[in-house]
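1. missing the sequence, but the structure's below:
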């Protein structure tokens, strides 16, 4: 636990600008969500449907606890402290993670109450039900584990693509884009993808009953999670890819196009399926609101990943880059 | 072919190289020796264009890295550190992407043959992340040899290789060097490789070239019973 805290502290000290940037982005997102019109009715509906709220909270906390359980065990198995004869702090770390997430949810509720999106009594009821669901979900999720083997970095979540027929006689940069896509799959876990499919197929059933609304909300969240996993993977992998290819002399534009095209294609495919299914509910609304939103998301995601690529290439000295300057801990 | 002139380089405020001069010609195998932290990897990163020197210049086949990086890199084969290989691509995909990145129309037949000799073809369709250190090292070497580079730069390439693989690699590099197809710069701690295969060796100490051994001196060291490069290296290091 102490080692994990020290790692967090060092990560903050080494990348203060990045950490503060992420914090600012989160703050902007929270403000944006608070200002969005449907937040008030949604919170009131959740407060008025305690059973559904309890179930949603329990499911989300249970799922996140299982994922965290896997991650902690994997980290512990490969940690530099793995050989030490010390007791595992697994339960403490699971509890602290759940407490942090619950605190974030309660702060959000407090802010919503402060800006008048929901009345105080409803907010209190919602907070109690959410906390109850969180406790139940965390307790239920703690003894469970996902499919990951201990210490496994998650390769089994990504599938090996069949080699191109002319890979040796006409080599192409195309397979480079398999890397961020595979990383995205590891982030999102294919088990989540299966849930996405069922949830998406449930959308056209309607959105009037609370259960249907809950399924639609869950599908939306999971779709967003899948898309964000891909975007995050592209940004995260860009640096490693640039460093690997820096001595090859590949041109910057060729690198960016090859690296991003499958990520963009996959995001377009996910959004197209979501829009298609949403059209079954409200054809006009889906096209009027969904299409511009989807296009904006793909554009912003590609732009962010491209900026990450350019920055990574400049750092790694890829192409004709003149800066270089890798941070290396190995100088021999 | 490789010309390194008064190179100074470092990371942030840490100066690692202070005025390194080096020259390699085609058909020459140069071993770069030095204790941990002496700046071997930093020098190789400068030559690969991954780190820009704060002073001095590097040129490969007459193309300065500073002003003509793409042309210089086209003549370079750099064996990256095994941990920097893409874990979520297969070995085959790595070869294909790297060949395309070097604008090759096909993957060299002798690189594929070397993969066969390494007994590497069985793992070509597995994720690199699942490879052992030796398998990663073999892949890094194969990537470095793609496209008939005029200068091959390898960092601890024999580290983790099994004896059979190491022998195959030594013979392959020796054949390339003997045929004057390339020059080799190898940073290593494996003194047997230096004694038996290198034409020259340089010792890097504290970011400077502290000592050089010519082909004749290496031959003489090899012939000395009970002595050899290890003792010469220790003496040179102690003298600094």
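-> Thanks, I have the structure now. These numbers were taken from a predicted model, which means no experiment stands behind them.

2. Now do the same for residue A:160: helix, strand or coil?
-> coil (DSSP: H, G, I helix; E, B strand; the rest coil).

3. Now it. Its backbone dihedrals?
-> Per-residue torsions, residue A:160: phi -80, psi 130 (degrees, to the nearest 10).

4. Can you get me a residue count around it?
-> Neighbour count for residue A:160, taken as other C-beta atoms under 10 Å in any protein chain shown: 16. To be clear about C-beta, it is placed using only N, CA and C from the backbone, and glycine gets the same treatment.

5. what about the residue nearest the centre of chain B, is that helix, strand or coil?
-> Geometric centre of chain B, nearest residue: residue B:154, 1.8 Å, by C-alpha atoms, centre = their mean. Under three-state DSSP, the three-state class of residue B:154 is strand.

6. Need the nearest residue in space to it, chain neighbours excluded.
-> In space, and not counting its chain neighbours, residue B:154 is closest to residue B:79: 4.2 Å by C-beta to C-beta, 6 or more residues apart in numbering or on different chains.

7. so that neighbour sits right up against residue B:153, yeah?
-> Yes. In this structure, residue B:79 is within contact of residue B:153 by C-beta atoms under 8 Å, at 6.8 Å.

8. Name the residues of the biggest helix by length in chain B that are buried.
-> For chain B, the helix with the greatest residue count under DSSP state H is helix B:163-178. Neighbour-count burial for helix B:163-178 flags B:165, B:166, B:168, B:169, B:170, B:172, B:173, B:176, B:177 (criterion: 16 or more other C-beta atoms under 10 Å in any protein chain shown).

9. Pull the residues that contact stretch A:35-46.
-> The contact list for stretch A:35-46 (C-beta atoms under 8 Å, 6 or more residues apart in numbering or on different chains) reads A:33, A:52-53, A:56, A:109, A:112, A:117-118, A:122-123, A:126, A:210, A:213.

10. what residue ranges in chain A score low on pLDDT?
-> Along chain A, segments meeting pLDDT under 70 span A:1, A:3, A:12, A:14-15, A:37, A:144-154, A:190-218, A:319-332.

11. need the helices for it, in chain order.
-> Under DSSP H, chain A gives helices at A:2-14, A:16-35, A:39-48, A:50-78, A:90-114, A:120-141, A:178-188, A:190-202, A:210-245, A:252-279, A:283-285, A:291-316.

12. Reformat the ones you listed into CSV and put distance to residue B:21 and mean neighbour count next to each item.
-> As requested, the helices of chain A are exported to CSV (distance: least, C-beta to C-beta, whole Å; neighbours: other C-beta atoms under 10 Å in any protein chain shown):
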stretch, distance to residue B:21, mean neighbour count
helix A:2-14, 34, 11
helix A:16-35, 38, 11
helix A:39-48, 67, 17
helix A:50-78, 42, 18
helix A:90-114, 53, 15
helix A:120-141, 62, 18
helix A:178-188, 39, 23
helix A:190-202, 54, 16
helix A:210-245, 27, 20
helix A:252-279, 31, 18
helix A:283-285, 71, 10
helix A:291-316, 26, 17
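
13. hmm, back to that, give the contact list for the residue nearest to the centre of chain B.
-> Here residue B:154 is in contact with B:79, B:141, B:144, B:184, B:185, B:186, B:187 (criterion: C-beta under 8 Å, 6+ apart).

14. One more: residue B:172?
-> With C-beta under 8 Å, 6+ apart, residue B:172 has these contacts: B:114, B:117, B:145.

15. Out of the contacts of stretch A:35-46, the closest to residue B:73 would be?
-> Of all the contacts of stretch A:35-46, residue A:33 has the smallest distance to residue B:73: 46.9 Å, by C-beta to C-beta.

16. in chain B, which ranges drop under the pLDDT threshold?
-> Across chain B (using pLDDT under 70), the flagged ranges come out as B:226, B:239-240.

17. where exactly do the strands run in it?
-> B:2-11, B:14-24, B:29-33, B:55-60, B:63-64, B:76-79, B:151-155, B:183-187, B:200-205, B:208-213 (DSSP state E).

18. Take these and write them to TSV, including distance to residue A:302.
-> Putting those into TSV (distance: least, C-beta to C-beta, whole Å) gives the following:
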stretch	distance to residue A:302
strand B:2-11	32
strand B:14-24	37
strand B:29-33	42
strand B:55-60	35
strand B:63-64	34
strand B:76-79	30
strand B:151-155	35
strand B:183-187	39
strand B:200-205	44
strand B:208-213	47
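
19. what residues are up against the spatially closest residue to residue B:204 that is not a sequence neighbour?
-> Spatial nearest neighbour of residue B:204, excluding adjacent residues (C-beta to C-beta, 6+ apart): residue B:34 at 3.7 Å. Shown in contact with residue B:34 (C-beta under 8 Å, 6+ apart): A:332, B:40, B:187, B:203, B:204, B:205.

20. Next, give me the two most distant ones among the contacts of stretch A:35-46.
-> The largest distance within the contacts of stretch A:35-46, taken as C-beta to C-beta, falls between A:33 and A:210 and amounts to 21.0 Å.
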